[in-house]
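Visitor: Let me see the structure of the following:
(2 chains)
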Amino acid sequence: DAMVIQNPRYQVTQFGKPVTLSCSQTLNHNVMYWYQQKSSQAPKLLFHYYDKDFNNEADTPDNFQSRRPNTSFCFLDIRSPGLGDAAMYLCATSTRGAMRGYTFGSGTRLTVV
Amino acid sequence: AQTVTQSQPEMSVQEAETVTLSCTYDTSESDYYLFWYKQPPSRQMILVIRQEAYKQQNATENRFSVNFQKAAKSFSLKISDSQLGDAAMYFCAYRRRNTDKLIFGTGTRLQVFP
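Guide: So this is what the prediction gives:
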């Protein structure tokens, strides 16, 4: 089945140690998103790619970076994780212009110790 | 700027009963989409139902239906014959047509009691 896959499901990292979360999709969607979701809150958009065009949200900290080497893969890099970055990170995809909603991955729960 | 408001942080319903979750939004646009997403505990967020703003007819998906009031900017979700598996966080979301960004409400946690 076509889907959005996030690895790993759970990630523990040390305070200040760079960490990378990955997302892959088999849907051939041209837009990929990264959301941060803290406990019982709405997902907060960090950035998204339309093809290779990167769109950063104004309030996304510089500590968060992203890469999209090809259509299928997108990475979230946290350069120096702080305790406040502990959250669920959701990857989603969509097709620009389509009225369909997003397709979400299962998320990566990040713990910072 | 567009905003989405869910005024009910928590709701509960008895199995087999009907429950309605509220959502209001603010936009100056006329062409947009509205969505309800379900996020079970520790599980993937999935699309429940969607509505195109230019369609007057309310969307329906099996036990799930919406009451879309465009003038009032209201988009409520009705769950009929509630099941234990309906227990989850429900998010209302808005997207302006021909844009990429989905704007979420703060969510409503639904509990279903046997």
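Visitor: A:Q6 and A:M32, how far apart?
Guide: Separation of A:Q6 from A:M32 (Cβ to Cβ, to the nearest Å) stands at 11 Å. Quick note: C-beta positions are derived from backbone N, CA and C, even for glycine.
Visitor: These two - which one has more neighbours?
Guide: A:M32 (27 against 23; other Cβ atoms under 10 Å in any protein chain shown).
Visitor: Pull the contacting residues for that one.
Guide: A:C23, A:Q25, A:H48, A:Y49, A:R68, A:C74, A:C91, A:A92, A:T93 (Cβ atoms under 8 Å, 6 or more residues apart in numbering or on different chains).
Visitor: try 7 Å this time
Guide: A:C23, A:Q25, A:H48, A:Y49, A:R68, A:C74, A:C91, A:T93 (Cβ atoms under 7 Å, 6 or more residues apart in numbering or on different chains).
Visitor: That one: what secondary structure?
Guide: strand (DSSP: H, G, I helix; E, B strand; the rest coil).
Visitor: now do B:A71
Guide: Classification of B:A71 by three-state DSSP places it in coil.
Visitor: how many neighbours does it have?
Guide: Neighbours of B:A71 (other Cβ under 10 Å): 5.
Visitor: that older thread, identify the contacts common to A:Q6 and A:M32.
Guide: Listed as contacting both A:Q6 and A:M32 by Cβ under 7 Å, 6+ apart are A:C23, A:C91.
Visitor: Just the element for residue 12, please.
Guide: Since no chain was named, I'll use chain A. Assessed by DSSP states H and E, A:V12 sits inside strand A:10-13.
Visitor: meant chain B actually
Guide: Going by DSSP H and E, B:S12 is in strand B:10-14.
Visitor: Which neighbouring elements make contact with that strand?
Guide: strand B:19-21, strand B:108-113 (3 or more Cβ pairs under 7 Å, 6 or more residues apart in numbering or on different chains; DSSP states H and E).
Visitor: related to what we said a few turns ago, can you name the two of the contacts of A:M32 that sit furthest apart?
Guide: Using Cβ to Cβ, those span at most 13.1 Å, a distance reached by A:Q25 and A:H48.
Visitor: what residues does chain B put near chain A?
Guide: B:33, B:35, B:44-45, B:47, B:50, B:52, B:91, B:98, B:100-102, B:104-107 (Cβ under 7 Å from any Cβ of the partner chain).
Visitor: top of those by neighbour count?
Guide: B:M45 (27 neighbours).
Visitor: mean confidence score for stretch B:92-99?
Guide: The average pLDDT within stretch B:92-99 is 89.
Visitor: which intervals of the chain have sub-threshold pLDDT?
Guide: The chain I'm using is chain A. A:1-2, A:97-99 (pLDDT under 70).
Visitor: I was thinking of chain B, sorry if that wasn't clear
Guide: Within chain B, no stretch has pLDDT under 70.
Visitor: the strands in chain B, which residues?
Guide: B:3-5, B:10-14, B:19-21, B:24-26, B:32-39, B:46-52, B:60-61, B:64-69, B:74-79, B:88-96, B:103-104, B:108-113 (DSSP state E).
Visitor: Would you list the strands that the longest one pairs with, along with their directions?
Guide: Taking DSSP bridges as the criterion, strand B:88-96 sits next to strand B:32-39 (antiparallel), strand B:103-104 (antiparallel), strand B:108-113 (antiparallel) in its sheet.
Visitor: Can you tell me which of these is most buried?
Guide: Burial of those is given as mean neighbour count (mean count of other Cβ atoms under 10 Å in any protein chain shown); strand B:32-39 ranks first at a mean of 23.
Visitor: contacts for that one?
Guide: Defining contact as Cβ under 7 Å, 6+ apart, one finds that strand B:32-39 is touched by A:99, A:101, B:45-53, B:68, B:75, B:77, B:88-97.
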